[in-house]
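1. Sequence and predicted structure below; questions after.
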Amino acid sequence: MAAWPLPLLWPPVTETIMKIHFIGVGKMGLPMASHFLAGGHSVTVSDPSEERLALARSHQLGVAASDDALTQALSAADIVFSSLPHDAALTAVAAQVVKSARRGGMFVDTSTVSLQASAAVATSCAAAGIQYLRTTVSGNNKMAEAAQLTVMASGPRAAYDLALPVLKLLGSNQFYLGDAEQARLMKLVVNLLIAQTSAMLAEGLALGRKGGLDWHDMWQVLGASAVGSPILKAKSVQLSERDFTPTFTVEQMIKDLDLIIGEGRANHVPLAQTALTLQLMHAAVAQGDALEDYAVIIKAVERSAGLNTHLE
């Protein structure tokens, strides 16, 4: 049984039925692949985790579980999508795509990776006659399930125009940013601001608690105030109850912050506040919170202020 309702009526089925193979059906990849299926496309998936493949089967997705089946799926696909955890995974998957996908096909990657790794993939895809589109997404797994992701794309414009009806199945906000690695950089900019929001909250809420303000009162005021941004309001649902169940873990945010700091270094952009936020993330890891939501740095600052992290 599906873990969330699939959008069977919206967005509408696209005019051209695509053969899609999706590599990496984690918390983001599985709902994305499911939306493509619900949109009327022919979808197969692959993943190194048997548990994730079992979930894919429960969503009526075709599974390429063997090497031969993967090769066949890649060669038959009009578009190969991937959602991957890091540079090394993208490099490995791209090598499979270059080897097995048909010339003239398209490789669309949605991962958060370095610009350097992505540029290397672009070179190998071009040599193999494969169109390469970078389509980073903004939003957590809940937004992916609800088809409310923001999609930031870059690569060949013709490839983007061809893929756009499929990409619209992921959310209504679509942005084409250029013909190279612009989507990768834009995702890092967005995640920089998200990470900084958590650092801002950590300091402000610790100050308020130490001065005697009630935790729930602070969240009510913040949500109604000038700083009540969409991300703050979204996080307030859990955090007002001090629920740090992860939508994006501390470890995952550290990976992204390392990419951000690296890009700042490459472009000679000082990212002093971001560097401090990264240190707060490492403090959270040291305190045993590596697998909690990245907003758990609130607790790291509270501990530094001598506050009890368990409300009475």
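-> Cool, got the structure. Numbering: from 1, shown residues only.
2. Show me the domain layout of the protein.
-> 19-180, 186-304 (automatic domain parsing).
3. Show me the shaky parts of this structure.
-> Flagging of the chain using pLDDT under 70 yields the residue ranges 1-15, 312.
4. Name the SS class of the most centrally placed residue in the chain, please.
-> By C-alpha atoms, centre = their mean, the chain has its centre lying nearest to Val137, at 5.6 Å. Put simply, Val137 is strand when judged by DSSP: H, G, I helix; E, B strand; the rest coil.
5. how about the nearest residue to it, chain neighbours excluded?
-> Nearest non-adjacent residue to Val137, counting by C-beta to C-beta, 6 or more residues apart in numbering: Leu149, 4.4 Å away. Every C-beta, even on glycine, is put in place using the N, C-alpha and C of the backbone.
6. again with Leu271
-> Gly264 (4.1 Å).
7. ok, now Leu133?
-> Gly155 (4.0 Å).
8. Would you mind measuring from the one you found to His21?
-> Gly155 sits 18 Å away from His21, going by C-beta to C-beta, to the nearest Å.
9. ok, now Phe175?
-> 25 Å.
10. more crowded one of these two?
-> His21 (28 against 15; other C-beta atoms under 10 Å).
11. Name every strand pairing with the helix or strand harbouring Val45 and say which way it goes.
-> Val45 is part of strand 42-46, with elements assigned from DSSP states H and E. Strand 42-46 pairs in its sheet with strand 19-23 (parallel), strand 62-63 (parallel), by DSSP bridges.
12. just to revisit the earlier point, could you give the number of residues near the residue nearest to Leu133?
-> Neighbour tally, Gly155, other C-beta under 10 Å: 28.
13. Likewise for the one 4 residues further on?
-> Other residues near Ala159 come to 19 when the count uses other C-beta under 10 Å.
14. and if you look at Asp289?
-> Other residues within reach of Asp289, judged by other C-beta under 10 Å, total 22.
15. From here on, call the first residue 340.
-> Sure, I'll start numbering at 340, so the last one becomes Asp628.
16. And what about it, helix, strand or coil?
-> coil.
17. Skipping adjacent residues, who's closest to it in space?
-> Closest to Asp628 by C-beta to C-beta, 6+ apart is Val635, at 4.5 Å.
18. quick one: contacts for that neighbour?
-> For Val635, the contact set (C-beta atoms under 8 Å, 6 or more residues apart in numbering) comprises Phe583, Val589, Ala623, Asp628.
19. and it, how far is that from Glu542?
-> Where Glu542 is concerned, Val635 sits at a distance of 14 Å (C-beta to C-beta).
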